[in-house]
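>>> Provide a 3D model corresponding to the input given below.
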Amino acid sequence: MAKVIMIQGTMSGAGKSLLVAGLCRVFKQDGYRVAPFKSQNMALNSFITTEGLEMGRAQVMQAEAAGIMPMVCMNPILLKPTNNVGSQVIVNGEVLGNMSARDYFEYKVKLIPDIKKAFRKLEEFADIIVIEGAGSPAEINLKQNDIVNMGMAEMVDASVLLVGDIDRGGVFAQLLGTLMLLTDSEKDRVKGMIINKFRGDQSILDPGIEMLEERGKVPVTGIVPYMELLLEDEDSLTERFDHKAKGLIDIAVIHYPRISNFTDFNVFEQIPEVSVRYVSSVKELQHPDMIILPGSKNTMGDLKWMRQNGLEAAIKKLAEEIPVFGICGGYQMLGMKIEDPDVVEEGSSIRGMELLPVTTVLRKEKKRCQTEGMINQIEGIFSRLSGKGFMGYEIHMGETTGLGATRKNKEAMPVVISDNRNVYGSYVHGLFDGEDIVNGIVHILAERKGITITEGVLEDYPSYKEKQYDKLADTLREYLNMEDIYGMLREARLE
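Numbering: from 1, shown residues only. From the prediction side, this is the model:
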């Protein structure tokens, strides 16, 4: 059996995902075969494996840190919210159906065999499995039949590290309050506490640490500083949405209520002269150099939202001057019409933004595949991207036709649709990750403004991420008691 350790948090956004990634990289550097695992993830950022199966991107990021290929068994259950009270439920990479929160709460216990099977598959090759919890283990209303926090820890007899976020304030109350709300058997599993995102002189925490350990009866395993890392994080609480400062090249991404797969644009963040701003209003939009309409879990609903708050009209006006690029759901919005005969989202049909002469019909069957090739011949501002190589994946409900977009065969399918002006659309997630493509876009935008971008700044994106994972691991080695953590692994699952 693989040795296991689990990271749980006092709340969502405490830093569990990055800490799991960091530990995966540390164990990999130390020569172990390591894999991440999260039994249930709620996220709108998802990925398609080589088998065409869907999983959360956080576990993909952790797999990269571990130096292994992403596998759907790392995230057997993925919940993709469709509205405020329901989600699409994806099990073992395939859509099970849409459920209300209440229906899923009653149903989830039936998924325990799937969770155990997925975990056993990871054990076939991993020496160490680092498990991530979700939210907090002290959510009293969710503890019945828990499958992702202490219930998961009990399933595989895992030791637990409890993480609190000091950057939000109240970290001692977070940690101690969480321990107090656990049962005795659950509390026995907590072998250490981590204070995350600390800024300043750690010595000022000493009185609090002493009281915390005295009252909680659990040692503090480390105080991790706030880290400036450009890695993927949980989509619901990302700090990326708060960045509003403009760079020399200003890219505005429309932040609608059901935004998905905004990780498509992380690659631009490594260029010092480029800013990526997520905007939700006309006032925030202003006059950027490029507008991106990202993916959406509710394309029709998010299009209505833009129409009601004035963003649609503002984008259409700006499209006469600057490039507008839609990815997946954003691409569908740019067309003439979206039809929903199968009531995949809201039923009936809705007029599109009428910036691309294409029409989308939503269907119940989800398109899931990895894809690679070269961008087809396109016109307009980004015509120089024609022939550039890419690797990515498609994940969407619906078929788009018109302007050569009809899928006759794989070879004939255009990767990017353009209208010979400033408007472009594509279904490919990860399209911008190619060094030639992101470089090409940034330099074209710079030329239009009459400015020069530093040459040689942008390196191969996978190599860039590798350095970020190593930086994360170096930080954890310095600020966590790794000897104690290895001790927790040695004590785990002795049977």
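>>> check contacts around the closest residue to Ala126 other than its chain neighbours.
Using CB to CB, 6 or more residues apart in numbering and skipping the chain neighbours, the partner closest in space to Ala126 is Ala35 (4.2 Å). All C-beta spots, glycine's among them, are computed from the backbone N, C-alpha and C. Shown in contact with Ala35 (CB atoms under 8 Å, 6 or more residues apart in numbering): Ala2, Cys24, Ala63, Ala66, Ile68, Met74, Leu122, Phe125, Ala126, Ile128, Ile129, Val130.
>>> Dump those to TSV, plus pLDDT and neighbour count.
Shown next, in TSV, are the contacts of Ala35 (pLDDT from 0 to 100; neighbours: other CB atoms under 10 Å):
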residue	pLDDT	neighbour count
Ala2	92	22
Cys24	98	28
Ala63	97	22
Ala66	98	28
Ile68	97	19
Met74	98	29
Leu122	96	20
Phe125	92	11
Ala126	96	23
Ile128	97	22
Ile129	98	25
Val130	98	29
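>>> Mind checking which of those land in strands?
Mapping the contacts of Ala35 onto strands (DSSP state E) picks out Ile128, Ile129, Val130.
>>> Of these, which is the nearest to Phe47?
Nearest to Phe47 among the ones in strands among the contacts of Ala35 is Val130, at 18.4 Å by CB to CB.
>>> show me where the stretch 351-495 of the chain has helices.
For the stretch 351-495 of the chain, the helices defined by DSSP state H, counting those that start in this stretch cover 435-449, 461-479, 482-491.
>>> Columns mean pLDDT and distance to Ile166 on top of those helices, output as CSV?
As requested, the helices of the stretch 351-495 of the chain are arranged in CSV below (pLDDT from 0 to 100; distance: least, CB to CB, whole Å):
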stretch, mean pLDDT, distance to Ile166
helix 435-449, 93, 35
helix 461-479, 93, 13
helix 482-491, 91, 20
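>>> Throw the ones in strands among the contacts of Ala35 into JSON lines and include distance to Pro81, thanks.
Below are those laid out as JSON lines (distance: CB to CB, whole Å):
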{"residue": "Ile128", "distance to Pro81": "32"}
{"residue": "Ile129", "distance to Pro81": "27"}
{"residue": "Val130", "distance to Pro81": "26"}
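>>> from these, which is closest to Gly389?
Nearest to Gly389 among these is Val130, at 33.7 Å by CB to CB.
>>> Would you agree that closest one is in contact with Gln62?
Yes. The pair Val130 / Gln62 is scored as a contact, 7.5 Å apart, by CB atoms under 8 Å.
>>> Report the set of residues contacting both of the two.
In contact with both Val130 and Gln62: Val20, Cys24, Pro36, using CB under 8 Å, 6+ apart.
>>> And the helix or strand harbouring Ile350, what's buried?
Per DSSP states H and E, Ile350 falls inside strand 349-351. Across strand 349-351, burial judged by 16 or more other CB atoms under 10 Å covers Ser349, Ile350.
>>> what about that strand, distance to the chain center?
On the basis of CA atoms, centre = their mean, to the nearest Å, strand 349-351 sits 29 Å off its chain's mean C-alpha point.
>>> Just the C-alpha atoms of the helix or strand hosting the residue nearest to Ala126, please, in PDB.
The secondary structure element spanning Ala35 is strand 34-37 (assigned by DSSP H and E). Output of strand 34-37 as PDB, limited to C-alpha atoms (Å, rounded to 0.1, in the frame of the first residue of the first chain):
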ATOM      1  CA  VAL A  34       4.100  10.300  -5.800                       C
ATOM      2  CA  ALA A  35       0.500  11.100  -6.900                       C
ATOM      3  CA  PRO A  36      -2.100  13.700  -5.900                       C
ATOM      4  CA  PHE A  37      -5.700  12.700  -5.100                       C
END
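>>> Which elements pack onto the next helix-or-strand element following it?
Note on strand 34-37: by DSSP H and E, the next helix or strand toward the C-terminus is strand 40-42. Contacts defined by 3 or more CB pairs under 8 Å, 6 or more residues apart in numbering; DSSP states H and E place strand 40-42 against strand 77-81.
>>> Quick check: neighbours of the strand it packs on in the sheet, parallel or antiparallel?
Applying DSSP bridges, strand 77-81 is found paired with strand 40-42 (parallel), strand 86-91 (antiparallel).
>>> With distance to Leu79, mean pLDDT and mean neighbour count added, can I get the ones you listed in JSON lines?
Below are these laid out as JSON lines (distance: least, CB to CB, whole Å; pLDDT from 0 to 100; neighbours: other CB atoms under 10 Å):
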{"stretch": "strand 40-42", "distance to Leu79": "4", "mean pLDDT": "94", "mean neighbour count": "22"}
{"stretch": "strand 86-91", "distance to Leu79": "4", "mean pLDDT": "93", "mean neighbour count": "20"}
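>>> between these, which one is nearest to Leu181?
strand 40-42 (20.2 Å).
>>> what residues does the closest one touch?
Contacts with strand 40-42, where a contact means CB under 8 Å, 6+ apart, come from 55-56, 58-59, 75-81, 87, 108, 115, 134, 147-148, 236.
>>> and the residues you listed, which are buried?
55-56, 58-59, 75-81, 87, 108, 115, 134, 147-148.
>>> Where do the strands of the stretch 151-300 of the chain begin and end?
159-165, 190-198, 220-225, 249-254, 259-260, 274-279, 290-293, 295-296 (DSSP state E, counting those that start in this stretch).
>>> I'd like those as TSV, with distance to Ala446 appended.
Formatted as TSV, the strands of the stretch 151-300 of the chain follow (distance: least, CB to CB, whole Å):
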stretch	distance to Ala446
strand 159-165	38
strand 190-198	34
strand 220-225	34
strand 249-254	6
strand 259-260	27
strand 274-279	9
strand 290-293	11
strand 295-296	26
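>>> Switch the ones you listed over to TSV; also include distance to Arg351, mean pLDDT and mean neighbour count.
Formatted as TSV, the strands of the stretch 151-300 of the chain follow (distance: least, CB to CB, whole Å; pLDDT from 0 to 100; neighbours: other CB under 10 Å):
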stretch	distance to Arg351	mean pLDDT	mean neighbour count
strand 159-165	43	97	27
strand 190-198	45	96	23
strand 220-225	50	96	20
strand 249-254	18	96	24
strand 259-260	21	92	26
strand 274-279	23	94	21
strand 290-293	16	98	26
strand 295-296	16	94	28
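>>> Please give me every residue in contact with the closest residue to Phe37 other than its chain neighbours.
Excluding the flanking residues, the one nearest Phe37 by CB to CB, 6+ apart is Ile131, at 4.8 Å. By CB under 8 Å, 6+ apart, the residues touching Ile131 are 4-7, 20, 36-39, 152-153, 156, 158.
>>> Who does the lowest-mean-pLDDT helix or strand in the chain pair with, and is each partner parallel or antiparallel?
Lowest mean confidence among the helices and strands of the chain (mean pLDDT, DSSP states H and E): strand 417-418, at a mean of 88. Here strand 417-418 is paired, per DSSP bridges, with strand 423-426 (antiparallel).
>>> Distance from the strand it pairs with to the middle of the chain?
23 Å.
>>> CA atoms of that strand as PDB?
Coordinates of each C-alpha in strand 423-426 appear next as PDB, following Å, rounded to 0.1, in the frame of the first residue of the first chain:
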ATOM      1  CA  VAL A 423     -13.000  39.100 -34.100                       C
ATOM      2  CA  TYR A 424     -11.800  35.500 -33.500                       C
ATOM      3  CA  GLY A 425     -13.200  32.300 -31.900                       C
ATOM      4  CA  SER A 426     -11.900  28.800 -31.100                       C
END
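>>> same question for that strand, mean pLDDT?
What strand 423-426 shows for mean pLDDT is 95.
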